[in-house]
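Q: Could you work out the structure for the sequence below:
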Amino acid sequence: MPDNVDAEQFNPDELVAPEWLNAKFIGDVLSAYENSPELNVTDLKITPASAQGDHYASVMFRTTAEYTTSKGKFVKPLIIKTMPEQEGHKKDMLSESHLFSTEIGAYTKALPEFERILREAGDNTQLYVPCIYHSLAPRQVMIFEDLVPQGYSVIRNRPVKEVELKNVFTKLAKWHAVSMKLMNEQPEFLKEFQYGLIEMPTLMSDPMVTSGMDTFLKTLDKIPEVTKYKPYFEKIKVDYLQRMADVMQEFRKNYQSDGYYVMCHGDFHLRNMMFKENGDVMFVDFQICNLCPITIDLSYSIYMLMEPEQRWDLGKDIINYYFSVLVETLKKIGYKAEMPTKAGLWKQIHRHKYYDFFLMTTFLPMILAIKANTLKMSEIIQDTATREKAFLLDSYVEEVKKLLPKYEEMGYFKDL
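A: Next comes the predicted model:
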């Protein structure tokens, strides 16, 4: 690790690069990518790629490779993404998952076709940054050009701006629209994308997930204004995780004729996006892209992306904006099936309320603590005491005070 790197800012397993990540490996990658057999790496700097709290489901390094070819001297900034090698919770959770095969498929098959369809319709929206190298064996690795030198950065210490949110949901709507067209016209094309969050082997038994409701119920006892809602959550605590899983797997296991299904990003939160000063956004981290209800990205974004002022109305304005772009894009690309309706979308969001219950009781306190840089992601995920602290943060208590009455107004507590 370089002397100027502050170890406290980064994940411990990203402080020292594995032995295989060296000048020879990067040289072979660049030589193949640029079709330059004589390419020679003359210097290689390796540092952690992102700050604590930006990600968990991989290990990432930033490299700057200086190299020569017959055409001269060059510098290439790269991001290397690989699976955890250190023993521990992260490796146990991720080692048997389909994360890398899913993301490789997204970069090499799905997203290029999405962009091709948009280009054919006269839309030059860029949905992804090309992957310059990928491998599943002997190790799982992906390499990309670094977006930071191109002017992109992750939002960490300020709220996301309205213009940035609109750009996010414009791009998401176009992504979803193209996937709807492909799912309708070429149902086999995206069939391999069947592994979402629920299919991660140990997730549903991990304390991070299983302890959420009990901790939430204890929190309600400490908030007099909303204690009256506790019986609703007591009633569902036995099976709400299964009901949440049913929502996420609906396309594959319980297809509904009136459902809207797309290829979702699957982990649509602020740290999986990079922005330019002009508000332009680039999505990253496609490890759990899968075919599922349209609500998986939309509801997730309410809790994991939006600011409180948008969330307290369950994202109504921005989701309606997203829907207008979705329909406009479907028309533009020649979608042949029945057009979705705004009423149909909100009906589906309401029908999938158990997904909201899970996100609000389990993921929201964690993301608020991470966004505020109050607690470390790895400690929230792995340590019960740290996780419980997130539920007592003022920011989370205020959210609960606003969200539960909104759920009641929306009828979420009826027929539980």
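Q: quick one: the residue positioned nearest the centre of the chain from Ile143, how far?
A: The residue lying closest to the centre of the chain (CA atoms, centre = their mean) is Asp267, at 2.2 Å. For Asp267, the distance to Ile143 equals 20 Å [CB to CB, to the nearest Å]. Where C-beta positions appear, they are placed from N, C-alpha and C, glycine not excepted.
Q: Is the residue nearest to the centre of the chain in a helix, a strand, or coil?
A: With DSSP: H, G, I helix; E, B strand; the rest coil as the basis, Asp267 sits in coil.
Q: wait, doesn't it sit right on Leu197?
A: Yes. At 7.3 Å, Asp267 and Leu197 qualify as touching, with contact defined as CB atoms under 8 Å.
Q: Could you tell me which residues touch both of those two?
A: Ile288 (CB atoms under 8 Å, 6 or more residues apart in numbering).
Q: Can you show me the helices along the stretch 301-416 of the chain?
A: With DSSP state H, counting those that start in this stretch as the criterion, the stretch 301-416 of the chain has helices at 308-311, 316-332, 342-351, 353-358, 364-371, 377-382, 384-391, 394-410.
Q: Using CSV, please lay out those together with mean neighbour count.
A: Formatted as CSV, those follow (neighbours: other CB atoms under 10 Å):
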stretch, mean neighbour count
helix 308-311, 16
helix 316-332, 18
helix 342-351, 16
helix 353-358, 23
helix 364-371, 24
helix 377-382, 19
helix 384-391, 17
helix 394-410, 16
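Q: Tell me which of the ones you listed approaches Pro231 most closely.
A: Of all these, it is helix 394-410 that lies closest to Pro231, at 12.1 Å by CB to CB.
Q: Show me what that closest one is in contact with.
A: Helix 394-410 has contacts (CB under 8 Å, 6+ apart) with 219-220, 223, 225-226, 229, 308, 311-314, 350, 353, 356, 360, 364-365, 368-369, 372, 390, 413.
Q: quick one: stretch 297-308 to chain centroid distance?
A: Distance of stretch 297-308 from the chain centroid (CA atoms, centre = their mean, to the nearest Å) equals 11 Å.
Q: er, stretch 363-380 I mean
A: 15 Å.
Q: Where does the prediction get shaky in this structure?
A: Applying pLDDT under 70 to the chain flags the ranges 1-15, 49-58, 84-96.
Q: tell me the contacts of the residue nearest to the centre of the chain?
A: With CB under 8 Å, 6+ apart, Asp267 has these contacts: 57, 197, 285, 287-288, 300.
Q: Equivalent analysis for Thr384, please.
A: For Thr384, the contact set (CB under 8 Å, 6+ apart) comprises 207, 211.
Q: what does Met360 give?
A: If a contact means CB under 8 Å, 6+ apart, then Met360 has 216, 303, 399-400, 403 as its contacts.
Q: One more pass at 7 Å, please.
A: Going by CB atoms under 7 Å, 6 or more residues apart in numbering, Met360 touches 303, 403.
Q: Relative to the whole chain's centre, how far out is the biggest helix by length in the chain?
A: Counting by DSSP state H, the longest helix found in the chain is helix 162-185. Counting by CA atoms, centre = their mean, helix 162-185 is centred 15 Å from the centre of its parent chain.
Q: what's in contact with that helix?
A: 113-114, 117-118, 123, 125, 127, 189-190, 261-263, 273, 275, 279-281, 283, 291, 294, 297, 318, 321-322, 325-326, 329-330, 333, 335-337.
Q: cool, and stretch 61-70?
A: 14, 17, 21, 26-27, 30, 36, 38-49, 74-80, 146.
Q: buried set for that stretch?
A: By neighbour count with 16 or more other CB atoms under 10 Å, stretch 61-70 contains the buried residues 61-63, 65, 67, 69.
Q: Looking at the residues you listed, which two lie furthest apart in space?
A: Farthest-apart pair in the buried residues of stretch 61-70 is Phe61 and Thr69; separation 23.3 Å (CB to CB).
Q: What strands flank the strand or helix carrying Thr64, and is each parallel or antiparallel?
A: In this structure, Thr64 is located in strand 59-69 according to DSSP states H and E. Using DSSP bridges, the strands paired with strand 59-69 are strand 40-48 (antiparallel), strand 72-82 (antiparallel).
Q: gap between it and the chain center?
A: Relative to its parent chain, strand 59-69 has a centroid offset of 25 Å by CA atoms, centre = their mean.
Q: Next: stretch 306-323.
A: 18 Å.
Q: So which residues make contact with it?
A: 159-160, 165-166, 169, 172-173, 298, 301-303, 342, 345, 399, 402-403, 406, 410.
Q: Give me the buried stretch members for stretch 227-236, please.
A: Neighbour-count burial for stretch 227-236 flags 229-230, 232-233 (criterion: 16+ other CB under 10 Å).
Q: Show only the entries of these found in strands.
A: Among the buried residues of stretch 227-236, no residue falls in strands (DSSP state E).
Q: any idea which of those is closest to Leu99?
A: Using CB to CB, Phe233 is the member of the buried residues of stretch 227-236 that lies nearest Leu99, at 31.1 Å.
Q: Would you confirm that the closest one contacts Lys218?
A: No. The criterion here is CB atoms under 7 Å, and Phe233 misses it with Lys218 at 11.0 Å.
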